[in-house]
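>>> I would like the atomic coordinates for the input below:
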Amino acid sequence: MERKVTLKRTSLYVSCANPANMNQAVFYNEDCLVYDLEDSVPPAEKDAARLLAYHTVRYHRPEGKYVLIRVNGIYSEFFEDDLEAAVRARPDALRIPKVESAAEVRMVSEKIGKIETAAGIEVGSTELWCNIESYLGVLRAEEIAKADPRVVALALGAEDFTASMKATRTKKGIEILYARNAILLACRNAGIDALDAVFSDINDEEGLREDTMLAKNLGFDGKTVVHPCQIDIVNSYFTPSEKEIRYALRVLAVVEEGRKMNKGAVTLDGSMIDKPMELRARTTLAQAAAAGIKIGGLGSDNK
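The predicted model follows:
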């Protein structure tokens, strides 16, 4: 099944225990809206939250958003009911917490397939994001990323990961650097997206900017956020700047000129332009186009 290309710069968690926040969340600029049934919902409210998530996504789905439902953990008492309701609601994807093996992914995928069949939904159309939230999940990130065609993204859960490591969570994030890189390598090898961890202090804008810049420089496709005040800041870092777009256009222009002249190598501003630089330029223009930026010139559709 062909997958649609979707920006994942920001994915905002919104609690299904808070109808007011659910209503407001559709008006922000997040790319992905995650209706949460797990951590933000007290046990006594799980059933009501599940029903609310179903009716919201199935009958009042927000336009222009990639919509997910985060279900409760695979081994929780709520998982089966969550899965049944979430698949039938027909979101773009389910976000599965605390994934630690490929076998778990395949088990979830099989259950989803049975629900899709019973509900008359195209089998395989429900995508999966796997949250990696333990040392075991990080060690098995590569097998998880390749476990099933439904898997389109891995997301790091830093708080649970550091707890599993007996590490201290810091704003600088040195303690999660290996986990970040392991997840990135797994995602790049599998050809799927990588989502960085939440920056928890919603009042520390400078810290958020530093953390997001690091995530972008490492190679992440986006970041999970927990408050609307973080959305525009994170989006700005994962949206190509005018300078980056202009440079990408210049790179592709000299590459095209070199091909016309049958040159094996080309230069720009005194630097050699190789295949990875061409690929990076095309990625930049594709991201810009997906963000609605009119770039002109060669554009992202130039082959």
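
>>> Asp211 touches Gly173, doesn't it?
Yes: using Cβ atoms under 8 Å, Asp211 is in contact with Gly173, at 6.4 Å. Every residue, glycine included, has its C-beta placed from N, CA and C.

>>> how about the nearest residue to Leu208, chain neighbours excluded?
Phe199 (4.9 Å; Cβ to Cβ, 6 or more residues apart in numbering).

>>> Number of residues surrounding the one you found?
The criterion is other Cβ atoms under 10 Å. On that basis, Phe199 has 25 neighbouring residues.

>>> before we move on, what about Thr212?
Neighbours of Thr212 (other Cβ under 10 Å): 25.

>>> contacting residues around the closest residue to it other than its chain neighbours?
Distances taken as Cβ to Cβ, 6+ apart place Tyr237 nearest to Thr212, at 4.5 Å, with adjacent residues excluded. By Cβ atoms under 8 Å, 6 or more residues apart in numbering, the contact set of Tyr237 is 209, 212-213, 215-216.

>>> let's see it at 6 Å
212-213, 216 (Cβ atoms under 6 Å, 6 or more residues apart in numbering).

>>> Quick check: it vs Lys275, distance?
26 Å (Cβ to Cβ, to the nearest Å).

>>> neighbours around Leu33, how many?
Leu33, neighbours per other Cβ under 10 Å, totals 26.

>>> List the buried residues in the worst-scoring helix or strand of the chain on mean pLDDT.
Lowest by mean pLDDT, DSSP states H and E among the helices and strands of the chain is helix 275-290, with a mean of 76. Buried residues in helix 275-290, counted by 16 or more other Cβ atoms under 10 Å: 277-278, 281-282, 284-290.

>>> Tell me which other helices or strands it touches.
Here helix 275-290 touches helix 242-260, going by 3 or more Cβ pairs under 6 Å, 6 or more residues apart in numbering; DSSP states H and E.
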